[in-house]
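Student: The sequence isn't on hand, but the structure is:
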């Protein structure tokens, strides 16, 4: 199989779950009230929600042989970084202050 055929097969295999995830995200975003002012925490949570919905698409892109290897590597690093952030997202609250713990240690 050539790169084109491998890419086509990967897309065909993942098309339904990717489309389902993206439709779900679209419905969720349409239902949100965009008139409410958002705190940085709410914005961060929204970005993570979007990321979780498009992660299947990013995973497919990172596997396509037609996509240049440097681009695929960038997608993989990006998803790994957002996976790491999404692991701590539950700990970030309105009272979170970056560097607060550092200030306490140096005092």
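Tutor: Thanks, I have it. A quick note: this is a predicted structure, and the numbers were derived from the prediction, not measured.
Student: Could you identify the helix or strand that succeeds the helix ranked longest in the chain?
Tutor: For the chain, the helix that runs over the most residues, judged by DSSP state H, is helix 3-31. Moving toward the C-terminus from helix 3-31, the next helix or strand (DSSP states H and E) is helix 40-61.
Student: got the angle for that next one vs helix 3-31?
Tutor: Using axes from the mean of the first three to the mean of the last three CA atoms, to 10 degrees, the inter-axis angle of helix 40-61 relative to helix 3-31 is 160 degrees.
Student: buried residues in helix 40-61?
Tutor: 44-45, 49, 51, 53-61 (16 or more other CB atoms under 10 Å). All C-beta atoms are positioned from the backbone trio N, CA, C, and that covers glycine.
Student: Report the angle between whichever helix or strand comes after that helix and helix 40-61.
Tutor: Where DSSP H and E defines the elements, the next helix or strand beyond helix 40-61 is helix 69-88. With the same axes, to 10 degrees applied, the angle from helix 69-88 to helix 40-61 works out at 140 degrees.
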